[in-house]
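> Pasting the sequence and the predicted coordinates here, then a few questions.
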Amino acid sequence: MNLRRQLKNIARQRYIPVLTGLLAVPFLGSLVILLVDPDSFHSLQEALWWAFVTITTVGYGDLVPGPGLPRIVAVLIMFGGITFVSMLTATISSAFVARKIREGKGLATVTVSNHIIICGWNEQAINLIESIISLFENHDLCSIVLINELPEEEVNNIIFQYKNANIQYVRGDFTKEFVLERANIRDARSVLIIPNDLDIQGDPDEKTVLATLSIKSISPKTPVIAFVNHSENRSHLKRANADEVIVRDEYSGFILASSVLMPGVPQAYFQLMNHKVNPSMYREKMPPALLGKTFKEASQFFREKDKAILIGVVSEKKSVSFSDFLSSDTSHLDAFIERKLRMAGHSMEDKSRINIQLNPEDDYIISDDDLAVLIR
């Protein structure tokens with residue numbers, strides 16, 4: 001079935017009939033010239049050679065048709081060859097032009113892999129793009145694919161502004177599966193969903209939940225980081241299996257209070273989170289030489305090697321919570337299971353898939369799963 005489908009797809013290509021005609025002209029022409037001029041052409045091989053030389057307008061002159069009917073056949077082969085060569089060139093050119101137009105309008109299918117997808121658009125999107133570019137400054141920058149419904153001119157300006165970042169664009173509603181498929185969601189490195197300010201009606205958080213469900217239904221293993229406006233939607237996104245949920249202004253109260261009681265602390269926090277200045281916070285894979293060593297020894301290693309401060313370790317582990325086995329509705333069966341699990345002392349909360357240990361004990365042993373969290 002796959003072979004038949006592939007053959008059908010090949011047959012639908014516009015250049016196939018043109019290419020067939022281009023090959024048919026010299027083959028048929030060689031047979032005809034062999035019949036009408038046997039004195040000049042003594043074999044099919046000679047006739048084929050002359051026909052291909054003629055349609056490509058090379059004209060070596062080693063074989064020449066005789067006067068009369070053979071030369072009329074030669075003229076027909078010349079016109080036929082020129083016609084089909086022109087048609088093939090035009091067909092291939094139009095295919096490239098059509099593809100460029102579709103890409104410009106965001107209607108083409110993305111073919112990159114290991115890319116970062118940004119779903120939605122708001123005033124923070126440009127800062128997000130610049131942060132990604134900055135964080136990949138010392139690494140191979142992966143492609144960034146935008147999915148939104150910005151005007152075409154505005155998108156092209158963004159792509160031109162960051163032309164070294166390989167930004168691609170898919171136009172459409174990022175909650176629709178066919179739009180996500182066009183962004184090659186299955187091969188994406190991760191997906192960032194931000195509140196979409198382009199939608200006039202509805203709560204952006206609702207669209208974020210729908211998009212998370214759509215992405216996880218297509219590609220469950222693709223990490224989804226969701227940014228929401230309201231903290232009450234965190235539980236919905238956790239149930240939709242979002243890997244990380246970030247709530248807007250979640251720490252604004254702490255920062256305001258710190259500004260009063262601990263002046264300088266908020267500024268230090270902002271500086272660490274600012275990718276444009278140093279020092280900044282980052283994470284790095286533990287060198288093999290540090291595996292089995294203590295946290296104190298690792299701290300000394302990074303201090304001497306990079307003048308960096310090791311403030312903790314982080315590990316990523318896939319965990320499965322009880323809520324993963326329950327349905328999305330509130331049926332009596334789910335309520336019964338949840339009640340029994342709570343009575344047995346089991347928590348229904350989703351366990352964090354990222355384990356962070358800030359400032360662990362000096363004798364903490366570095367393991368294979370640990371990544372270093374550093375300030376430099």
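Looks like it arrived, so ask away.
> Please spell out the segments of the stretch 101-250 of the chain that come in under the pLDDT threshold.
Where the stretch 101-250 of the chain drops to pLDDT under 70, the residues are 138-139, 141.
> Tell me what I375 is bridged to.
M281, I309 (DSSP bridges).
> I'd like to know how far it sits from A47.
Shown here: I375 relative to A47, a distance of 79 Å by CB to CB, to the nearest Å. Just so you know, the C-beta spots here come from the backbone N, C-alpha and C atoms, and that holds for glycine as well.
> Also T54?
Taking CB to CB, one finds T54 at 10 Å from A47.
> Please enumerate the shared neighbours of the two.
G29 (CB atoms under 8 Å, 6 or more residues apart in numbering).
> wait, what's in contact with the residue positioned nearest the centre of the chain?
When the chain is reduced to its mean C-alpha position, the nearest residue by CA atoms, centre = their mean turns out to be H115, at 3.5 Å. Under the criterion of CB under 8 Å, 6+ apart, the contact partners of H115 comprise C142, S143, I144, V145, Q168, N184, D187, A188, R189.
> Now with 6 Å, please.
Contact criterion CB atoms under 6 Å, 6 or more residues apart in numbering gives C142, S143, V145, A188 as the residues in contact with H115.
> try F302
Contact criterion CB under 6 Å, 6+ apart gives A308, L310 as the residues in contact with F302.
> 10 Å - rerun?
E284, M286, P287, L290, A308, I309, L310, A372, L374, I375, R376 (CB atoms under 10 Å, 6 or more residues apart in numbering).
> Can you give me the pLDDT of it?
Model confidence at F302, expressed as pLDDT, equals 92.
> do the same with R353
The per-residue pLDDT reported for R353 equals 67.
> same question, the one 4 residues further on
Among the per-residue scores, Q357 shows a pLDDT of 88.
> ok, now M343?
With respect to pLDDT, M343 has a value of 61.
> okay but I194 is in contact with G120, surely?
Yes - assessed by CB atoms under 10 Å, I194 is found in contact with G120 at 4.6 Å.
> Now do the shared contacts for these two.
Residues touching both I194 and G120 (CB under 10 Å, 6+ apart): N148, P204, T208, F227.
> Now the third one. Its backbone dihedrals?
Backbone dihedrals for T208, given as degrees, to the nearest 10, come out at phi -60, psi -40.
> my guess is it contacts R248, does it?
No - T208 lies out of contact with R248 (CB under 10 Å); the separation is 11.4 Å.
> residue contacts, G172?
Taking CB under 10 Å, 6+ apart as the definition, contacts of G172 comprise G106, L107, I147, N148, E149, F178, V179, L180, R182, A183.
> what do you get if the cut-off is 8 Å, keeping everything else the same?
G106, I147, E149, F178, V179, R182.
> Most neighbours among these, please name it.
The member of those surrounded by the most neighbours (other CB atoms under 10 Å) is I147, with 29 neighbours in all.
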